[in-house]
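Novice: Sequence and predicted structure, then a few things I'm wondering about:
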Amino acid sequence: MSWSGRQGVMVPAARAMSDPGATGRFGTYGGRYVPESLIPACHEIETAFREAWSDPEFHGRLDTLLTVYAGRPTPLTPAWRLSRELGITLFLKREDLAHTGSHKINNVIGQALLAHRMGKERLLAETGAGQHGVATATAAALLGLKATVFMGERDIERQELNVLRMNVLGAEVVPVTTGSRTLKDACNEAMRHWVSSVDDSYYCIGSVMGPHPYPWMVREFQRVIGEEARAQCAAELPVGVPDYVVACVGGGSNAAGTFAGFVDTTARLVGVEAEGGAAATFGRAGVLHGFRSLVLQDEDGQVTEAHSVAAGLDYPGIGPEHAQLRDGGRARYETVNDEEVVQALLRLARTEGILAALESSHAVAWVIRAAESGEIAPGSTVMLTLSGRGDKDIASIKELL
Amino acid sequence: MTESLEEFLIARRGMGRPLLVPYVTAGVTPGWTDVVRAYADAGADAVELGFPFSDPMLDGVTIQEAAGRAIAAGTTVKGILQEVATLDVDVPLIAMTYSNLVVQQSTAQFCAALTASGLRGLIVPDSPLEEVGELADAAAAEGLDLVLLAAPSSSRARLREITERSRGFVYALTRMGTTGERGEIPEQAARLGRELKGLTDRPVLFGFGVSNPAQAADLAGHADGVVVASALMRKLLDGARPRELGEYVASMRRALD
Ligand SMILES: Cc1ncc(COP(=O)(O)O)c(C=O)c1O
């Protein structure tokens, strides 16, 4: 084990957050619920990822790009003034400082390298807040690949800045006009498109979702957040491990990457969802976008539309591994509402000079609420992954003020 | 009609003409059951009923729109099954829907409910060989034929397993892509048809993009018949009455015979 904490008690990992094997199952969740047409592509990606992931050269290339291009390691910043106000010690893992402004770049560089290695010419992606789309457009430009990004019409309106960024980077942004015109429908459209272009295109999925091997592969590419944070906490904290590890959850990739670094410690893991998109809290088991997990749906099994002030959390499902972590009690999932999120965003901005993404502000909102209500005991240490910066949200914030 | 879907289709095939299976999205219009009757009267060998799902991964714009309309009109699985139970047609009915609707209660309950309403077959396009075990067992226990899909991208080993485990017929995808009308039939369809016919005696039907009588006849030459969906649903969405849809199916029937 890499961690050299001083007094922290180690909890046996019980294979938590490891390789889900050939079937891609996390307990009863996960799997590969895609049309027969896509099965060879899923197998091909799994094989390529397994090979790459055990190839030191691939790791070398990835580590180099993460360092010299994406700006890793990101710092762990103490939130000095907010900590004092809340009576806790709060550390922020600064994914907002990564290139393109969010954790999405970690996963995308990994998948783009894989696609390149597989000889694909084009990256397909879906995006909600636009951060995954921007990251994909960026990695495509870096590696000389084409990029096509599916985005709901509603999100295109909300995230104009990111649409512009993608265009400037040379990506094609395809508006999706079906259903709720948000992330869920962009996922459907990307999947449909993938079926017809699987020969030359690689589907670069933006979160720990989709058919096997995506939930596992994306978590592995995001693991870097948790591993860095773990080492940084070990250096900063007297006991080496924080009492709480907190991250926001849309599909759950920044949370999964963060949790992977702490799952075998005593830290309490908390995922924070938007109240209107809280699949871990209000969802039932179902199958959506190629995997079995907890899904927001009506009595008949029609998937319902999620609602959040943060476009990146407007997703009616949750990654399958989170469903397993929830059922097993290793992680808990909490919800916050839009109003709390906006207040949290302002408070963090004004106490620390950090403008967080609306998505990340969900995690901040829960920590504020839990510390103020005493649920997080005074004096506790909290490590929060700040998944992205709020520049993209500035127009939305203006409307909300 | 006491025989299984497969027995029925094999008997029909024995009459020496290609099989024709038209599709309708259940609940798409108030009179959708009349569409089923019109298909049967026009010489369909079976009818595929789409149970609408909010996120139809393998469907193109037309069927997606039909599903959206049906859901907006309040269509539920229970409601469809009640209407199906009143349908008195002399050809087998096959349900097509996505995994999420199948797993709601349990796959066993879903299969039992279909059989109780008189359905003979089931197609679940997002349930490939890897995930189909429990469903296949549940369907078999109910005497419901679970139809598996074969794709142009499937390896020979997978095609072999698909032909072995499919029941009713083997659903051969003409193309890599979603449902929807298309101009021409790709060469890969003919190749897939030949391969599947070499592997099994089970009926092999082509689906996806069968848009007009001439295409239907062309494709049927490479297998045992065709499933026609988007071309009919486009007409229905554009306002065609059941009688007109029946006439179109009849024109396909003539082209096939
Ligand atoms: C800044 C930011 N945080 C979080 C998310 C949610 O993604 P995930 O739950 O996969 O971390 C997004 C998605 O767009 C995002 O842009």
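Specialist: Received, thanks.

Novice: Could you list the low-pLDDT ranges of chain B?
Specialist: Judged by pLDDT under 70, chain B has its weakly predicted residues at B:1.

Novice: ranges for the helices of it?
Specialist: B:5-13, B:32-41, B:61-72, B:77-86, B:99-102, B:107-116, B:133-142, B:156-165, B:187-199, B:213-220, B:230-237, B:242-256 (DSSP state H).

Novice: so which of those comes closest to chain A?
Specialist: Proximity to chain A (Cβ to the nearest Cβ) singles out helix B:99-102 among those, at 3.9 Å. C-beta coordinates here come from the backbone N, C-alpha and C atoms, glycine included.

Novice: what about chain A, any weak spots by pLDDT?
Specialist: Looking at chain A by pLDDT under 70, you get A:1-15.

Novice: so where's the longest helix in it?
Specialist: Max-length helix for chain A by DSSP H is helix A:214-236.

Novice: Now do it: which elements does it pack against?
Specialist: helix A:39-53, strand A:76-78, strand A:89-94, helix A:104-117, helix A:253-260, helix A:320-327, strand A:381-386 (3 or more Cβ pairs under 8 Å, 6 or more residues apart in numbering or on different chains; DSSP states H and E).

Novice: Of the ones you listed, which is nearest chain B?
Specialist: Closest of the helices and strands packed on helix A:214-236 to chain B is helix A:39-53, at 4.7 Å (criterion: Cβ to the nearest Cβ).

Novice: Any buried residues in that closest one, and which?
Specialist: A:I39, A:P40, A:A41, A:C42, A:H43, A:I45, A:E46, A:A48, A:F49, A:A52, A:W53 (16 or more other Cβ atoms under 10 Å in any protein chain shown).

Novice: In contact with the last one, which residues?
Specialist: It stands for A:W53. By Cβ atoms under 8 Å, 6 or more residues apart in numbering or on different chains, the contact set of A:W53 is A:H59, A:E220.

Novice: Leaving out chain neighbours, which residue sits closest to A:N107?
Specialist: A:F221 (4.2 Å; Cβ to Cβ, 6 or more residues apart in numbering or on different chains).

Novice: shouldn't that neighbour be in contact with A:N106?
Specialist: Yes. A:F221 is within contact range of A:N106, at 5.6 Å (criterion: Cβ atoms under 8 Å).

Novice: For these two, list the residues in contact with both.
Specialist: With Cβ under 8 Å, 6+ apart, A:F221 and A:N106 have common neighbours A:G257.

Novice: Enumerate the residues of the stretch 251-400 of chain A near the ligand.
Specialist: A:G251, A:G252, A:S253, A:N254, A:G312, A:L313, A:A357, A:E359, A:S360, A:S387, A:G388 (Cβ under 6 Å from any ligand atom).

Novice: Can you give me the neighbour number for the second one?
Specialist: The one in question is A:G252. 35 (other Cβ atoms under 10 Å in any protein chain shown).

Novice: wait, what's in contact with it?
Specialist: A:S207, A:V208, A:M209, A:G271, A:I318, A:G319, A:E321, A:H322.

Novice: Doesn't the third one lie inside a strand?
Specialist: Yep, that's A:M209 we're talking about. No. Under DSSP: H, G, I helix; E, B strand; the rest coil, A:M209 sits outside any strand and is assigned coil.

Novice: Tell me, how many residues neighbour the residue nearest to it when sequence neighbours are not counted?
Specialist: Spatial nearest neighbour of A:M209, excluding adjacent residues (Cβ to Cβ, 6+ apart): A:G251 at 4.4 Å. Around A:G251 there are 30 other residues, counting by other Cβ under 10 Å.

Novice: repeat for B:E164
Specialist: Neighbours around B:E164, by other Cβ under 10 Å: 12.

Novice: Please name the residues that touch it.
Specialist: Contacts of B:E164 (Cβ under 8 Å, 6+ apart): B:T200.

Novice: From B:A157, how far out is it?
Specialist: Distance, B:E164 to B:A157, using Cβ to Cβ, to the nearest Å: 11 Å.
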